[in-house]
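Asks: Whatever this is, show me its structure:
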Amino acid sequence: MRSVFIIALHDLRVTLRDRSAVMWMFLLPLVFATFFGLVMGGSAGAPTDATAHLTVVDLDGGPMSRALLAELQDERLEVVELDPDEAAASKEKIRTLIIPEAFGHAVLSGTQSILRLEKEPNTSAEAALVVQARIVRAATRLIGRMISAESNGIDLQISGLPERSEAPSMVTVETSFAGRRNTAPSGFSQSVPGHATMFVLLIALTYGASGLASERRAGILRRLVTSPVSREQIIAGKILGRLVVAGLQVTVLMGVAAVAQKFTNLDFGTGVFQMWVVLMVYAASIAPLGVALGGWFNEPERAANVGLLITMAMAAFGGCWWPLEFVSRPLQILALALPTGWTMRSLHGLTSFGHTLGEITPSLGILVLFGFLFTVLAIRSLRVE
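Replies: Next up, the predicted model:
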């Protein structure tokens, strides 16, 4: 057993002596996660109980549109009303609701009237969804008061919409995001888990595979066989070495995430430690794949290139670059054939949907099965004679 640990520590020292490997392990994941986190909206989730800004342009000006504005004020919306010219010149608007001309007449006559919500570029998509839901809720309550008014014999054609005391709302509408948390995967909630998952795989399948291929070509593995070390111990040491490297990488990246969360408004759901646990299980599952890949190729450059291609494919189809919740059903099913897909499924459960480690245990079990499969491949592919 001591020989296994010695081989693993040797691999760790060799990897850490390579400056480019250290850069790809620690620096570039942080750079990529920060850049894409900011590009994808930062930490700007949109809780359903937050107050959102809404600019309103009322082209109707009648009692029905004024009643709708009153309903919107009760929807935790910061409503700012502007005339069309002011709205066109305003630089403060983020989302603008356009109430069309003859809105009240169309509603009272049973004719379709379209409310248009315009979102400024590069603003939060989640906040826009929240505002859209609140507009629908306000319109639905308004319709409920109209039904109540007619049932009480109030002539809407003559009096316009009655006051709320005359026609209480008959409708209650509740809106929420999927899951127990209120934000969908976006910003840093997507980029940090996604790039951590991708770069751990990248190091295992490029530096791990090419390093093993170099040792085979240099005859180092043949010399190990002549020492009092069995073939099984060599394979176990190489797999453990890949796990130690990946474990150090995961620990450093999650440590930085924990510090960033402490001093900024980043939100990683149930906690960074739970993310660390998932990534460590993932690291254990893909560590044997790097060994297997190194056993298939004698040329280090080819092993590294194939490892890079496999990493990019697994990252793209496994949800490391974009949330799996946003892709088509066939691609979601394809992701379930990859360890990256199950890892991102677990991490999104923690960061965006409020799951606990106990609830994602089935996904972690699938990762363990991947680990057994890749271990079998490593044993069959690595020749040390």
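Asks: what residues are up against residue 366?
Replies: Contact partners of residue 366, counting by Cβ atoms under 8 Å, 6 or more residues apart in numbering, are residue 342. For glycine as for every other residue, the C-beta is placed from the backbone atoms N, C-alpha and C.
Asks: For this structure, which element, helix or strand, carries the lowest mean pLDDT?
Replies: Each helix and strand of the chain was given a mean pLDDT (mean pLDDT, DSSP states H and E); the minimum falls on helix 156-159 at a mean of 50.
Asks: ok, then the element right after that helix?
Replies: Where DSSP states H and E defines the elements, the next helix or strand beyond helix 156-159 is helix 188-205.
Asks: helices or strands up against the very next helix or strand once past that following helix?
Replies: Per DSSP H and E, the first helix or strand lying C-terminal to helix 188-205 is helix 207-218. If you count contacts as 3 or more Cβ pairs under 8 Å, 6 or more residues apart in numbering; DSSP states H and E, helix 207-218 packs onto helix 2-17, helix 231-263, helix 272-296, helix 300-318.
Asks: Buried ones in the following helix or strand past the shortest one, by neighbour count?
Replies: Pointing back at helix 2-17 there. On the C-terminal side of helix 2-17, the closest following helix or strand by DSSP H and E is helix 19-22. Using 16 or more other Cβ atoms under 10 Å as the test for burial, helix 19-22 gives residue 21.
Asks: For helix 19-22, give the mean pLDDT please.
Replies: Here helix 19-22 scores 91 as its mean pLDDT.
Asks: then that helix to CSV, C-alphas only?
Replies: Provided in CSV are the C-alpha atoms of helix 19-22 (Å, rounded to 0.1, in the frame of the first residue of the first chain):
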residue,chain,number,x,y,z
ARG,A,19,4.2,25.7,-14.7
SER,A,20,1.8,25.4,-17.5
ALA,A,21,-0.1,22.6,-15.7
VAL,A,22,-0.3,24.8,-12.6
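Asks: which secondary structure elements does it contact?
Replies: Helix 19-22 sits against helix 2-17, with contacts defined as 3+ Cβ pairs under 8 Å, 6+ apart.
Asks: buried sites along the helix it packs on?
Replies: Residues of helix 2-17 classed as buried by neighbour count (16+ other Cβ under 10 Å): 3-4, 7-8, 11-12, 14-15.
Asks: And the residues you listed, which is closest to residue 70?
Replies: Nearest to residue 70 out of the buried residues of helix 2-17 is residue 15 (Cβ to Cβ; 65.0 Å).
Asks: Next up, the contacts around the closest one.
Replies: By Cβ under 8 Å, 6+ apart, the residues touching residue 15 are 21-22, 25, 203, 207, 211, 245.
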